[in-house]
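Colleague: okay, sequence plus prediction incoming.
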Protein chains: 4
Amino acid sequence: MATGTSTNGRVRIPRDAGDDYTKDQAATRRAFVQDRTGTELSHVGHYSIDPATLRGNIENFMGVAQVPIGLAGPLRINGEHASGDFYVPMATTEGTLVASYNRGMRLLSECGGVRTTVVEEYMQRAPVFVLSDALEAREFGHWVDEHLDDIKAAAETTTRSGHLEYIGQYSIGPLRYLRLNYTTGDAAGQNMTGKATLAACEWIQANHPSHPRYILSGNIDTDKKHSRINMLLTRGKRVVAEAVLDKDILQQLMGVDTETLFWARQIQMAGSFLVGSANNGAHAANGLTALFIATGQDVANISEAHAGVSYTQRLPDGNYYWSITLPALIVASYGGGTGLATQRECLEMLDCYGSGKVHRFAEICAAVVLAGETSLSSAVLAGDWVSSHDRLGRNRP
Amino acid sequence: MATGTSTNGRVRIPRDAGDDYTKDQAATRRAFVQDRTGTELSHVGHYSIDPATLRGNIENFMGVAQVPIGLAGPLRINGEHASGDFYVPMATTEGTLVASYNRGMRLLSECGGVRTTVVEEYMQRAPVFVLSDALEAREFGHWVDEHLDDIKAAAETTTRSGHLEYIGQYSIGPLRYLRLNYTTGDAAGQNMTGKATLAACEWIQANHPSHPRYILSGNIDTDKKHSRINMLLTRGKRVVAEAVLDKDILQQLMGVDTETLFWARQIQMAGSFLVGSANNGAHAANGLTALFIATGQDVANISEAHAGVSYTQRLPDGNYYWSITLPALIVASYGGGTGLATQRECLEMLDCYGSGKVHRFAEICAAVVLAGETSLSSAVLAGDWVSSHDRLGRNRP
Amino acid sequence: MATGTSTNGRVRIPRDAGDDYTKDQAATRRAFVQDRTGTELSHVGHYSIDPATLRGNIENFMGVAQVPIGLAGPLRINGEHASGDFYVPMATTEGTLVASYNRGMRLLSECGGVRTTVVEEYMQRAPVFVLSDALEAREFGHWVDEHLDDIKAAAETTTRSGHLEYIGQYSIGPLRYLRLNYTTGDAAGQNMTGKATLAACEWIQANHPSHPRYILSGNIDTDKKHSRINMLLTRGKRVVAEAVLDKDILQQLMGVDTETLFWARQIQMAGSFLVGSANNGAHAANGLTALFIATGQDVANISEAHAGVSYTQRLPDGNYYWSITLPALIVASYGGGTGLATQRECLEMLDCYGSGKVHRFAEICAAVVLAGETSLSSAVLAGDWVSSHDRLGRNRP
Amino acid sequence: MATGTSTNGRVRIPRDAGDDYTKDQAATRRAFVQDRTGTELSHVGHYSIDPATLRGNIENFMGVAQVPIGLAGPLRINGEHASGDFYVPMATTEGTLVASYNRGMRLLSECGGVRTTVVEEYMQRAPVFVLSDALEAREFGHWVDEHLDDIKAAAETTTRSGHLEYIGQYSIGPLRYLRLNYTTGDAAGQNMTGKATLAACEWIQANHPSHPRYILSGNIDTDKKHSRINMLLTRGKRVVAEAVLDKDILQQLMGVDTETLFWARQIQMAGSFLVGSANNGAHAANGLTALFIATGQDVANISEAHAGVSYTQRLPDGNYYWSITLPALIVASYGGGTGLATQRECLEMLDCYGSGKVHRFAEICAAVVLAGETSLSSAVLAGDWVSSHDRLGRNRP
């Protein structure tokens, strides 16, 4: 074991050049923290996972965060890949979150369940090539189109499950941003597409007559960042959850009628539009984050995944059609953190671990989000209803 | 213990109407999951936290997600509230994340450390009042301005640490969206401001001559959603981290020169602007998410907190000024998940738990983000450098 | 007369250092164009305005664009400042534009007219001050707040009609963007506020202890550019036009029912939100541009003025409440091009020329926009109706 | 001639069911205005264009707006389609606009001129099809892909110069927005693509098994509205103008050095990004509007055309590379207002009237915009320079 050595007064974290993924090494680092900060990490040191399984998931492992998991459901889903009654593990420290989603799941289930559909899927890496001027950049773009098969071949030498589907091109001045769109099997695919794109770029640079300089990311991927291009062109899965809320069940369970709900929807859409929001719905981030932590997803992707578009209609019979579309749901059933001890258990209880399960998991995510939307939106209005039921008869714009 | 009972074929999750926060109840629910899904939740059931402490943090508790924590640092910070060398707990399942941030921390520390400043702080709740037309809505707005002291008093009856600082007003048609801006002490404050705003709205409704109808959220808060209004007007803390990178240290540690870094920055800013990104930097979401999970923050706030603006200058002496500004960093040192077992330990090792520590923690968050920015941005370019060093001399736009 | 002289082979446009605003000078330049390009500018040379009146409006005057004006109306407006039946001059070269707006004006008038309200007004100039770091920038911001009266006094020395109402502050790194918000009387006010802001900045720079460097525009004004900050915080006038469409009149004149209209509205709002549009309505730019050209407004402001939010509700009685809110309507009844020959006549026929008329004109603009929205939106659907009337009975999400 | 008849007290504008495009009819309407409003439209009635030529351009013609035209140039352009020294007609009522652009043209010309390139071109119409659910909508999308040739054939029956290039598809819930991308020859093409898309939609509706309902525009075109989708995917022409500013010429003509210019650029880009601006440059709308009015473009398109991305680099030799990219420049050399009397003359003096000239005109537009950017950006800084030259030596972030 290397001891913490000093550099310019800064004391280095102990690491073992041999095998750093052991309980002892974790304990050494906790002791180091106690020595440096006076904090004893006793709970952090309480875990059942085997450090040896963490290679490729973490560096300088010293213990775990214990994030409480609540159980919600059952949620009835009638999807292409997910079908049946689901019990959903939600890892969060925010009180009422599980209860609120649970309430929405009951509503949706009593109304016959949620239809779910993955409508599109792409993972991207977006390098930028720097040409001498805009004209050369344009011609470079044509050259890329003409050599698409070669570029695809170069990219796919690096991966078995990744497939380069198409390359979007965006011009600014002498720059040609290429946005390589892949399908990535059951993995989220950021690393896979990074590696494949590097190979593609190297091939392009070697073979294009002017051997243009490139940067592997020109910041339009847009990895770990919400963006309008993601909403438009999909990042990860684009998933829809839909339900028709029975007006009587809604009234009974939520204390709100569909006329009020639709009236309020107009106001909330105007507000969302005005302020440039990433989602014109209520709180997709809440349910997704709890699911992501429980199931070993890359939780930083919440930055992208929380984007959404709610589209609703009050039907002529007074029932309420409600859909949410998540255009940038980045999820995996394999790879990343999905195979870790508790994470895998949570995926397995949804039958979403491993090969061929990612669409099923994506559909469950969308259904959960819809449950949360119905619950919170109703709660906001039922509160209003209680305090102002004597004014509801007014003719209201 | 209530047994799971059946409703329309759906089987309910067992709950104990008496005390639901016990190890037995958690075990009962895990057994229920095993019974319904065939999945044994053995690792999920391995935890050291006391279920009795989870009231207010979770419902239907059944166990924990064990999220591995890596240790990064030391990171030298020269802030108003955070000063010294920090060792940072990062909870993630994404390999290389801790290593990459660690590398950036070393760079920043060797360059003299990071200056950090909380420049503004507000937490919001934004109800909307519905008037009969735009004219009445405008006059209502003036009435609100005139009765600000009363509204403030009504709001603050509900809280000791929350203070209503100002009310932003936004008109659409007959609607008047009010955005109540609070300071919230050491808490993130979403619940506190929700409760205070309800009181404010009730006061307004009772006292304004037309007793206007309102919705407690008109969707411009914009809670759990990235938005432009958050970037402009701050949500949570607006924090800046700044450093001057020494050109020689950068070259030595990262293998990239400041001229190339600044050249690439122009390209990445153009790309970010084109695609409508929430952040013109690299990957703030990664570091923040790892910190948020470790320290019991409301992780869903990553949707908002990951927004940012990088502003850099290459200085006449060839060194590199780098700042990141996080306009919507929603954090707490008290309340929510901060007091749970592992979460509190991680806050304590940063000396960020409890009263009067939230600014210190916000500064650390920003410093960590800057470390990650320098590391990833350099890595992208050093790769390019290796493969194309013979073309670097070209005159390049 | 100066002859066109040659510089590096480029031949200069003739100018008269004495009096350049004469018919002769205009003719000289037209002759110069004919000489250089072979194009005879005969129609361009046909005008009735006196070149001497153009000083301050144009340089190198050589003639006029004759833009045809169509007459639309009457449009019944029930506003605060505009009340009665209006005949509206619309300068355009796009066929059907006048006819379409005319149709909408008839609809609105037969439904009882349009309510119009100016709900807010500010013109801005937004300098940026560069401090040594974020901390100094924050303290600078406080200093500005504390010296607001002095800054206001400095700004207002330069203008009689401009008043500095408040200064918005936005921090990025060591930068403090100040957004000075003025009322500007009957002028659009861009020049007035530029001059006043320069005086304010000079005062700040002279009096603040660190005499900070500044740039007069940090690009957040955002002059001549659509932006989210304009939509949120108003630029020029924020004006609302509202009407309740009688369902029978709508059906009779437009061939569309309110149920279909509201159904389609949901779809169009979802689309607008998805793509990041500046306006969730139909074509505000068309009517505003035609009005702006006719009345001597700064037509480049269409970039900002075309932004808008449509907010509608189908009322319980089946009638249709429709509002449009224009958050960045930059208009003038005095100054700029408003006093030129044809432009002034067009303002006068609306009784909108000169002192105290700008609110009246702003209200007319909004009412015209609403007319165009009703007309185009109905036309799109009536076309659909014709081709698909046999499918309309379906239960449709 | 029909006399103005009364409806509900509203008096109708006189129209001639026979030939409404005569001088007499125009005079009748001016007399009507005078009768109704007391305003004599004498200058409005002064024009040289033949009313008979206005059919298809205006309804209820009553006269013209005389918009003064200033002459700017010469501007040296080295483009693909535009090459040589150009004298540019700019129609505006805003003083200093022509002078400022003229100054920028001189700078660019002395620095060797502007390179211009049209890098992409598409005009769109974007209908939305409403399916029964998301799954059917997805399958509908595949069906559209499979029947692209038929759809293309149906669309192109309506036009000779329009070609359907590709169909972008965007899913929200049960909705499938199709965005049909056309090339449109020398016309701007909004009408052409509207008609072609109607034919395409009718073909789809007739041939798809479920005969889905559609709306001809789902508001993602986004016609006459700035949007992010336009910036990303081009609307009209995507045009780049580039130049390298010689540092000495810049200093001499503009009084600013390239180091200061680049320093300020960083600040302006940060500001533009923060506030969600449609253009990170200075004032593209000004030059484009003046050109559009002079040359008979559809001026309402300024709402879309003013969007842009400035990308610059300070080169190792101290010179300054400057590019602007206009992603949504909607222009025509034929059709619309281009053939009217003064408008055609202005196009002809640029040799941009008629068949095969639209790319040439697009290039000129971009070059003019770049001239305006250099001029205004320098002016802002030179002012600062004067007042603060003694502080310029500071080490400044």
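Modeller: Done, it's in. Residues are numbered from 1 along each chain as shown, chains lettered A, B, ... in the order given.
Colleague: what segments of the stretch 201-350 of chain A are helices?
Modeller: A:228-233, A:247-254, A:258-275, A:284-295, A:302-305, A:341-349 (DSSP state H, counting those that start in this stretch).
Colleague: can I get those in TSV including mean neighbour count?
Modeller: In short, each C-beta sits where N, CA and C put it, glycine included. As requested, the helices of the stretch 201-350 of chain A are exported to TSV (neighbours: other Cβ atoms under 10 Å in any protein chain shown):
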stretch	mean neighbour count
helix A:228-233	26
helix A:247-254	17
helix A:258-275	23
helix A:284-295	30
helix A:302-305	32
helix A:341-349	25
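Colleague: mind putting these into JSON lines with mean pLDDT and distance to B:Glu363?
Modeller: Compiled in JSON lines, those are given as follows (pLDDT from 0 to 100; distance: least, Cβ to Cβ, whole Å):
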{"stretch": "helix A:228-233", "mean pLDDT": "97", "distance to B:Glu363": "30"}
{"stretch": "helix A:247-254", "mean pLDDT": "97", "distance to B:Glu363": "42"}
{"stretch": "helix A:258-275", "mean pLDDT": "98", "distance to B:Glu363": "28"}
{"stretch": "helix A:284-295", "mean pLDDT": "98", "distance to B:Glu363": "24"}
{"stretch": "helix A:302-305", "mean pLDDT": "98", "distance to B:Glu363": "21"}
{"stretch": "helix A:341-349", "mean pLDDT": "98", "distance to B:Glu363": "31"}
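Colleague: near A:Gly56, how many other residues are there?
Modeller: 15 (other Cβ atoms under 10 Å in any protein chain shown).
Colleague: which SS state does it fall under?
Modeller: coil (DSSP: H, G, I helix; E, B strand; the rest coil).
Colleague: okay, now the residue lying closest to A:Lys152 once chain neighbours are set aside: neighbour count?
Modeller: Counting by Cβ to Cβ, 6 or more residues apart in numbering or on different chains, A:Lys152 lies nearest to A:Leu164, which is 4.5 Å off, once chain neighbours are set aside. A:Leu164 has 22 neighbours, counted by other Cβ under 10 Å.
Colleague: next: A:Asp317.
Modeller: 11.
Colleague: tilt between the helix of greatest length in chain A and helix A:247-254?
Modeller: Longest helix in chain A, counting residues (DSSP state H): helix A:358-388. Relative orientation of helix A:358-388 versus helix A:247-254 (axes from the mean of the first three to the mean of the last three Cα atoms, to 10 degrees): 80 degrees.
Colleague: pull out the buried positions in helix A:358-388.
Modeller: Residues A:358-381, A:383-385, A:387-388 are the ones in helix A:358-388 that count as buried (16 or more other Cβ atoms under 10 Å in any protein chain shown).
Colleague: what's the answer for stretch A:313-324, then?
Modeller: Buried residues in stretch A:313-324 (16+ other Cβ under 10 Å): A:Gln313, A:Arg314, A:Leu315, A:Asn319, A:Tyr320, A:Tyr321, A:Trp322, A:Ser323, A:Ile324.
Colleague: for the last one, list the residues it contacts.
Modeller: Think A:Ile324. A:240-241, A:281, A:284, A:308-311, A:366, A:369-370, A:373, D:173 (Cβ atoms under 8 Å, 6 or more residues apart in numbering or on different chains).
Colleague: what separates the residue in the stretch 51-200 of chain A that chain C sits nearest to from D:Cys201, distance-wise?
Modeller: Closest approach between the stretch 51-200 of chain A and chain C, counting by Cβ to the nearest Cβ: A:Arg115, at 10.8 Å. A:Arg115 is 26 Å from D:Cys201, where distance means Cβ to Cβ, to the nearest Å.
Colleague: check A:Ala91 too.
Modeller: 47 Å.
Colleague: looking at the two, which one has more neighbours?
Modeller: The neighbour comparison of A:Ala91 against D:Cys201 (other Cβ under 10 Å) goes to A:Ala91, with 30 against 26.
Colleague: SS state for A:Gln178?
Modeller: I think there's a mix-up here, since residue A:178 is Leu and not Gln. strand.
Colleague: and it, how many neighbours does it have?
Modeller: With other Cβ under 10 Å as criterion, A:Leu178 counts 25.
Colleague: ok, the one 10 residues further on next?
Modeller: Other residues lying near A:Ala188 total 25 when counted by other Cβ under 10 Å.
Colleague: what secondary structure does it sit in?
Modeller: coil.
Colleague: how about it: what's its closest non-neighbour residue?
Modeller: Using Cβ to Cβ, 6+ apart, the nearest residue to A:Ala188 is A:Ala332, at 4.2 Å.
Colleague: I'd say the one you found and A:Gly185 touch.
Modeller: No. Counting by Cβ atoms under 8 Å, A:Ala332 does not reach A:Gly185; the two are 9.1 Å apart.
Colleague: find residues that contact each of those two.
Modeller: A:Val358.
Colleague: and the strand ranked longest in chain A, C-alpha only, in PDB?
Modeller: When chain A is parsed with DSSP state E, its longest strand is strand A:61-79. Provided in PDB are the C-alpha atoms of strand A:61-79 (Å, rounded to 0.1, in the frame of the first residue of the first chain):
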ATOM      1  CA  PHE A  61     -13.500   3.400  -3.500                       C
ATOM      2  CA  MET A  62     -14.000   3.900   0.200                       C
ATOM      3  CA  GLY A  63     -17.500   2.800   0.900                       C
ATOM      4  CA  VAL A  64     -21.100   3.500  -0.100                       C
ATOM      5  CA  ALA A  65     -23.900   5.900   0.100                       C
ATOM      6  CA  GLN A  66     -26.900   4.200   1.500                       C
ATOM      7  CA  VAL A  67     -29.800   5.700  -0.300                       C
ATOM      8  CA  PRO A  68     -33.200   4.500   1.000                       C
ATOM      9  CA  ILE A  69     -35.500   2.700  -1.400                       C
ATOM     10  CA  GLY A  70     -39.200   2.900  -1.200                       C
ATOM     11  CA  LEU A  71     -41.600   0.500  -3.000                       C
ATOM     12  CA  ALA A  72     -44.300   1.900  -5.200                       C
ATOM     13  CA  GLY A  73     -47.000   0.200  -7.200                       C
ATOM     14  CA  PRO A  74     -48.500  -1.800  -8.600                       C
ATOM     15  CA  LEU A  75     -48.500   0.100 -11.800                       C
ATOM     16  CA  ARG A  76     -50.300  -1.500 -14.700                       C
ATOM     17  CA  ILE A  77     -48.500  -1.100 -18.000                       C
ATOM     18  CA  ASN A  78     -49.700  -2.200 -21.400                       C
ATOM     19  CA  GLY A  79     -46.600  -1.600 -23.400                       C
END
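Colleague: quick one: residues contacting A:Ile215.
Modeller: A:Pro127, A:Val128, A:Val130, B:Ala264, B:Ile267, B:Gln268, B:Val380, B:Leu381, B:Asp384.
Colleague: do that again at 7 Å, thanks
Modeller: Contact analysis of A:Ile215 by Cβ atoms under 7 Å, 6 or more residues apart in numbering or on different chains lists A:Pro127, A:Val128, B:Ala264, B:Ile267, B:Val380, B:Leu381, B:Asp384.
Colleague: turn those into a markdown table, including distance to chain D.
Modeller: Below are the contacts of A:Ile215 laid out as a markdown table (distance: Cβ to the nearest Cβ, whole Å):
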| residue | distance to chain D |
| --- | --- |
| A:Pro127 | 16 |
| A:Val128 | 11 |
| B:Ala264 | 10 |
| B:Ile267 | 8 |
| B:Val380 | 18 |
| B:Leu381 | 15 |
| B:Asp384 | 16 |
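Colleague: let me know the closest of those to D:Val98.
Modeller: B:Ile267 (34.1 Å; Cβ to Cβ).
Colleague: pretty sure that closest one is touching A:Leu175, no?
Modeller: Yes. Counting by Cβ atoms under 7 Å, B:Ile267 touches A:Leu175, with 6.1 Å between them.
Colleague: what sits in contact with each of those two?
Modeller: With Cβ under 7 Å, 6+ apart as the test, B:Ile267 and A:Leu175 both reach A:Val128.
Colleague: report the contact partners of the nearest residue to A:Val275 once chain neighbours are set aside.
Modeller: Computed as Cβ to Cβ, 6+ apart, the closest residue to A:Val275 that is not its neighbour in sequence is B:Ile229, at 4.0 Å. Residues near B:Ile229 by Cβ under 7 Å, 6+ apart: A:Val275, A:Gly276, B:Ile220, B:Thr222, C:Leu232.
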